[in-house]
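[1] can you look at this prediction? I've put the sequence above it.
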Amino acid sequence: MDPALDLTATVVIGGTIAALLMGLSKTGLPPLGAFGAAVIASVLPPVQAAGVALPLLIVGDLVAVSAYGRDVRWRILRGLLPSVTLGLIVGFAALRWAPPEVSARIVGALLLLAGLGDLVRQLAARRARRRPPAPASTPVPDGDSAPARPRLGERVIRAALGATAGVSTMIANAGGPPMSLYLLRAGISRAGLLGTVALFFLTVNVAKLPFSAGLGLVSPASLHVSLALLPGLVAGLVLGKLVAHRISGPVFSTVVLIATSVAGARLLLA
């Protein structure tokens, strides 16, 4: 057994906190998953941490899909597929051939720029709405009906966020922030965001499993540690479900943007 995967007090305590954050991200605040990934990587070597986290994330995804699956926005998921697939391929190549710290910093820079940029955009829009007289705005569709086609610049930004989600989830199990930011820009509701994120990451994480096993990230030893951390995940899933219904829409989106920016800064400066 790999000595790095011994169940020391540090691994159990730090890993349980990480699992709690992962659970919260699945049923309450998706960007918190990036912080869970950061915590588990602080008590285990990054490669082993990714292997331990993946089964926990899949369990969390299954629970989240059962809770929010009816709110999935299928049209948005279909639109994400090409860019995310490209990101997963790039992330796999980076894991195999590029220095991990270089890959993580590139992802971090993208997240920081995207998160801060959208936070500024959102705050400016709120200020503009407070200025009388304010023209009536057209509500953004929140279903599978076809909305007005986004402008070219917006389509490019969303494609970049989709690719970033694929790369960051492959490299560091930190795809929650770019995915959440993509969905915020698409204008869907909080329930739609949670449901779509849940199904998206269930699909992506299950797809990652054979790659991770082939790279030696998931093994009997790593599964032993994952099982020990499962109670923390369950606690986070329950807490996230309670929190999700008590946060207002504007606060929810602001927290998502701030968490995205902080996650990007952490990866950039790691």
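    All right, it came through fine.

[2] gap between stretch 41-53 and the chain center?
    17 Å (Cα atoms, centre = their mean, to the nearest Å).

[3] what mean pLDDT does it have?
    Mean pLDDT, stretch 41-53: 84.

[4] go ahead and name everything in contact with it.
    2, 4-5, 10-11, 13-15, 18, 22, 36-37, 40, 100, 172-173, 212, 216-219, 222, 225-226, 229 (Cβ atoms under 8 Å, 6 or more residues apart in numbering). For glycine as for every other residue, the C-beta is placed from the backbone atoms N, C-alpha and C.

[5] 6 Å instead?
    Outside stretch 41-53, the residues within contact range by Cβ atoms under 6 Å, 6 or more residues apart in numbering are 4-5, 10-11, 14-15, 40, 173, 217-218, 222, 225-226.

[6] can you check stretch 58-77 too?
    22-23, 26-27, 144, 186, 188, 191-192, 194-196, 198-199, 201-202, 205, 233, 237.

[7] 7 Å instead?
    Residues from elsewhere that reach stretch 58-77, judged by Cβ atoms under 7 Å, 6 or more residues apart in numbering: 22-23, 26-27, 144, 183, 186, 188, 191-192, 194-196, 198-202, 205-206, 233, 237, 241.

[8] just stretch 85-100 next, same as before
    Stretch 85-100 has contacts (Cβ under 7 Å, 6+ apart) with P46, S103, G162, A163, T164, A165, G166, V167, M170, I171, F211, L215.

[9] now swap in stretch 157-170 and tell me
    With Cβ under 7 Å, 6+ apart, stretch 157-170 has contacts from 80, 83-88, 90-92, 95, 107, 110-111, 114, 174-175, 178-179, 181-182, 185, 204, 208.

[10] so among those, which ones count as buried?
    80, 83-84, 87-88, 90-92, 95, 107, 110-111, 114, 174-175, 178-179, 181-182, 185, 204, 208 (16 or more other Cβ atoms under 10 Å).

[11] which of the residues you listed fall in helices?
    When DSSP state H defines the helices, the subset of the buried ones among the contacts of stretch 157-170 inside them is 80, 83-84, 87-88, 90-92, 95, 107, 110-111, 114, 178-179, 181-182, 185, 204, 208.

[12] contact partners for the most centrally placed residue in the chain?
    Residue closest to the average C-alpha location in the chain (Cα atoms, centre = their mean): G176, at 0.8 Å. G176 makes contact with S25, P30, P31, G33, A34 under the criterion Cβ under 7 Å, 6+ apart.

[13] let me see the confidence value for it.
    75.

[14] how many other residues sit next to W97?
    Neighbour count for W97, taken as other Cβ atoms under 10 Å: 8.
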